[in-house]
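Peer 1: this is a predicted model, with the sequence first.
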Amino acid sequence: MIKTGAGLAEYVSSKLGTAYVYGAKMEILTKDRYDSLKKAYGPNMVWESDAGKIGKMCCDCSGLISAYTGRYRSSAEYRNTAREIFPINTVTNAPMGALVWLPGHIGVYVGMEKGVPYYIAADGSAYGCRKRPLPANFTHWFPCPDVQYAGETAASGAVGDIAVGGAVGDIAAAGAVGDKAVGGAVGKITTAGAVGDIAAAGGAAGDITVGGAVTIKAGAVYGGLSAARGKAVPPSVVGRRLTVGKIQTNKGAREALLTEIFSWVELQWLAAAR
């Protein structure tokens, strides 16, 4: 079954009121588990009062999300594995079920109400799982790496980096070859002229290559697969020297993932930096 952003938002909405215990992963808290968590993380993270939650369903902030996706990550790991990362002041562009983040904490964006962005999170031992307006201390939002959002596609219901039959991914089209290129060069490639991170002919087309430096041209817009696609790249980013972390095709456009800003931009808007 495909996990979706909308499904994540619906799931966390169904868990409002769930008790919070640091380290719990949507589980019935037992005394042994409580003692183990307290020993592992200490009384500042696992409170004495959390003992009163023994026998109840409990989770922490990342556990709330992982319970839906089935893939367990910490809040930091969610950020580190995100395809794209955006400043929180652009959260109105986020799709339903995007993740909102600050160091040490994570929640789920559930849309706008009367012009105000709302999120749901397991917000700490004093609050449990709750819904509230997004506070100013959150710093970034990004698509959850383990779910599929509206406008994304995947083959056979699987979301991943490798897909066939025209599905979104690093390697697409029949005859894709894997991570090692013909001739021993390491990289993701495709055969029969298909687009890949490294072409079978022996190198990426043009002057823009993975690992190379580029600048963004004036008038550029973001690419990628999130709701930020088509939004203007701000002037503060235009002209900066950035590093190409990855090149792939998104929605028919050849795009580069720029490491410093964690965002996709179409190659036509980039110039190789010398």
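Peer 2: Sure, I can see it.
Peer 1: report the contact partners of Thr4.
Peer 2: For Thr4, the contact set (C-beta atoms under 8 Å, 6 or more residues apart in numbering) comprises Gly97, Val147, Gln148, Tyr149, Ala150. Backbone N, C-alpha and C define where each C-beta goes, glycine included.
Peer 1: which of the residues you listed lies closest to Cys129?
Peer 2: Set against Cys129, the nearest of the contacts of Thr4 by C-beta to C-beta is Gly97 (15.5 Å).
Peer 1: Three-state assignment for the closest one, please.
Peer 2: coil (DSSP: H, G, I helix; E, B strand; the rest coil).
Peer 1: OK, contacts around it?
Peer 2: Neighbours of Gly97 in contact, by C-beta under 8 Å, 6+ apart: Thr4, Gly5, Ala6, Gly7, Leu8, Ala9, Val108, Tyr109, Val110, Cys144, Val147, Tyr149.
Peer 1: count the neighbours of Ala98 for me.
Peer 2: By other C-beta atoms under 10 Å, the residues close to Ala98 number 27.
Peer 1: roughly how far does it sit from Thr69?
Peer 2: Separation of Ala98 from Thr69 (C-beta to C-beta, to the nearest Å): 13 Å.
Peer 1: for the chain, just list every one of the helices.
Peer 2: Under the criterion DSSP state H, the chain contains helices at 5-14, 31-41, 61-69, 75-80.
Peer 1: most tightly packed of those helices?
Peer 2: Ranked by mean neighbour count, the helices of the chain are led by helix 61-69 with a mean of 23 (mean count of other C-beta atoms under 10 Å).
Peer 1: for that helix, packing partners?
Peer 2: helix 5-14, helix 75-80, strand 105-113, strand 116-122 (3 or more C-beta pairs under 8 Å, 6 or more residues apart in numbering; DSSP states H and E).
Peer 1: CA-only coordinates of the third one in CSV, if you can.
Peer 2: Once non-C-alpha atoms are left out, strand 105-113 reads as follows in CSV (Å, rounded to 0.1, in the frame of the first residue of the first chain):
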residue,chain,number,x,y,z
HIS,A,105,11.8,18.1,17.2
ILE,A,106,9.6,17.3,14.3
GLY,A,107,5.9,17.5,13.4
VAL,A,108,3.5,17.2,10.5
TYR,A,109,2.0,20.2,8.6
VAL,A,110,-1.8,19.8,8.3
GLY,A,111,-2.7,22.9,6.3
MET,A,112,-3.9,26.4,6.8
GLU,A,113,-6.8,27.5,9.0
